[in-house]
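Asks: Just a sequence and a predicted model for now, questions to come.
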Amino acid sequence: MDTLQNMRAFTCVAEAGSFTAAAAQLDTTTANVSRAVSNLEAHLQTRLLNRTTRRIALTEAGKRYLVRCEQILTYVAEAEAEASDAHARPSGQLKVHTMTGIGQHFVIDAIARYRRTHPDVTFDLTLANRVPDLLDEGYDVSIVLASELPDSGFVSQRLGITYSIVCASPEYVKAHGSARTPGDLREHACLRLVSPVVQLEKWLFQGPDGQEMVNINNAPFQVNSADAMKTAISSGMGVGVLPIYAAIDGLRNGTLVRMLPEYRLQELNLYAIYPSRQYLDAKIKTWVEYLRGSLPDILAAHDADLQTFDLQIAN
């Protein structure tokens, strides 16, 4: 028995004053309305309406039950309207996970710009270098770096591609020299950036002659934050691998220099992951669309800046 539908039929009969009028309002037959009220009375084991051939009247129980029905149906209508509005208009809290580096360098700024046009959306942002379980942890969207994603059943949108480069401080290069090939790094103090998506002991380079692997042993320093690695490199501790987004400001202000400009490492895809495409909440849809529209341009600008720096060094 559909109790909610039967409650709607009973309420409509009570307000319209007849089964026929209620049937017309509900776009059904008089027999269906009469059956719905009878089923409701049988379920409650209480008479709600006194019926004669000429009129109907609410019983005392029917009057009390009508008040409750009207309250319940109002709550249901409000809940349906709220849920439908979530599909149509971005509002409410968006719970987002992102890996720490891209969160600090891309996502927080993207949130600020997104909220200029969607001020009714608030954010609960978590920075963590892992791929979370969206359903168990309740995230609406996760933004991660990965070479590829495991088959999870979730929806993913690729936002762009980024990669890493080898950097050192000008003081370190002056004291220890640079490197002409990846193999030359074996003679340098190589610092390790701990990451869930790359190998620690092996640096895989992509260069003019294809791929080249260099084993990095006895590293004097390792850390799990790209910004902390940037500080260590800028302080002259050694040579390290940095994502472009973490290195770009240091290259601009001269606190970092790029070594091996013809080589890149750790090319990774940037993904937005969310649980489902069906009946997608408007805030999730507009947030992912905003990232897809803005992040590729930012990544392309970083790549163009990097090429400019490399030309300056070459000249």
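Replies: It's in. Residues are numbered from 1 along each chain as shown.
Asks: Who are the packing partners of the helix or strand hosting A272?
Replies: Counting by DSSP states H and E, the element that carries A272 is strand 264-274. Applying 3 or more C-beta pairs under 8 Å, 6 or more residues apart in numbering; DSSP states H and E, we find strand 264-274 packed against strand 141-146, strand 155-168, strand 202-207, strand 239-243, helix 282-314. Using the backbone N, CA and C atoms, a C-beta is placed for each residue, glycine as well.
Asks: Mind putting these into JSON lines with mean neighbour count, mean pLDDT and distance to R116?
Replies: Converted to JSON lines, those look like this (neighbours: other C-beta atoms under 10 Å; pLDDT from 0 to 100; distance: least, C-beta to C-beta, whole Å):
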{"stretch": "strand 141-146", "mean neighbour count": "22", "mean pLDDT": "91", "distance to R116": "19"}
{"stretch": "strand 155-168", "mean neighbour count": "20", "mean pLDDT": "91", "distance to R116": "20"}
{"stretch": "strand 202-207", "mean neighbour count": "16", "mean pLDDT": "89", "distance to R116": "38"}
{"stretch": "strand 239-243", "mean neighbour count": "26", "mean pLDDT": "93", "distance to R116": "27"}
{"stretch": "helix 282-314", "mean neighbour count": "15", "mean pLDDT": "82", "distance to R116": "11"}
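Asks: of all the ones you listed, which lies closest to L48?
Replies: Ranking those by proximity to L48 (C-beta to C-beta) places helix 282-314 first, at 40.4 Å.
Asks: In TSV, list the helices and strands packed on strand 264-274 along with distance to A128.
Replies: Formatted as TSV, the helices and strands packed on strand 264-274 follow (distance: least, C-beta to C-beta, whole Å):
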stretch	distance to A128
strand 141-146	10
strand 155-168	18
strand 202-207	24
strand 239-243	17
helix 282-314	18
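Asks: how about those, which one is nearest R64?
Replies: Of those, the one closest to R64 (C-beta to C-beta) turns out to be helix 282-314, at 39.9 Å.
Asks: got the angle between the closest one and strand 141-146?
Replies: Going by axes from the mean of the first three to the mean of the last three C-alpha atoms, to 10 degrees, helix 282-314 is angled at 30 degrees with respect to strand 141-146.
Asks: Tell me what angle helix 282-314 forms with strand 155-168.
Replies: Helix 282-314 runs at 30 degrees relative to strand 155-168, counting by the same axes, to 10 degrees.
Asks: Next, the angle from helix 282-314 to strand 239-243.
Replies: 140 degrees.
Asks: Make residue 1 into 26 and carry on from there
Replies: With the count now opening at 26, the last piece we talked about shows up as helix 307-339.
Asks: that older thread, can you tell me the strand partners of the strand holding A297 and which way each runs?
Replies: strand 166-171 (antiparallel), strand 180-193 (antiparallel), strand 227-232 (antiparallel) (DSSP bridges).
Asks: how much distance is there from that strand to the middle of the chain?
Replies: 14 Å (C-alpha atoms, centre = their mean, to the nearest Å).
Asks: Quick check: phi and psi on the nearest residue to A200 once chain neighbours are set aside?
Replies: Excluding its sequence neighbours, the residue lying closest to A200 (C-beta to C-beta, 6 or more residues apart in numbering) is G261, at 7.6 Å. Backbone torsions for G261, taken as degrees, to the nearest 10, come to phi 90, psi 20.
Asks: count of neighbours near G261?
Replies: Neighbour count for G261, taken as other C-beta atoms under 10 Å: 16.
Asks: Report the contact partners of it.
Replies: By C-beta atoms under 8 Å, 6 or more residues apart in numbering, the residues touching G261 are S194, E196, Y197, A200.
Asks: which of these lies closest to G279?
Replies: Comparing the contacts of G261 against G279 with C-beta to C-beta places S194 closest, at 9.6 Å.
Asks: correct me, but the closest one touches M284?
Replies: No - between S194 and M284 there is no contact under C-beta atoms under 8 Å: 10.7 Å.
Asks: Would you mind measuring from L218 to I241?
Replies: 11 Å (C-beta to C-beta, to the nearest Å).
Asks: more neighbours, these two?
Replies: Comparing L218 with I241 by other C-beta under 10 Å, the one with more neighbours is L218, at 26 against 19.
Asks: Run a quick neighbour tally on the closest residue to that one other than its chain neighbours.
Replies: Among residues not flanking L218 along the chain, M254 sits closest, at 4.8 Å (C-beta to C-beta, 6+ apart). Residues contacting M254 under the criterion other C-beta under 10 Å number 27.
Asks: Quick one: mean pLDDT for the helix or strand M254 falls within?
Replies: Assigned by DSSP H and E, M254 belongs to helix 251-259. The predicted model assigns helix 251-259 a mean pLDDT of 93.
Asks: Pull the residues that contact that helix.
Replies: The contact list for helix 251-259, computed with C-beta under 8 Å, 6+ apart, reads 125-126, 129, 192-194, 197, 216, 218, 246, 248, 263-268, 270-272, 275, 280-281.
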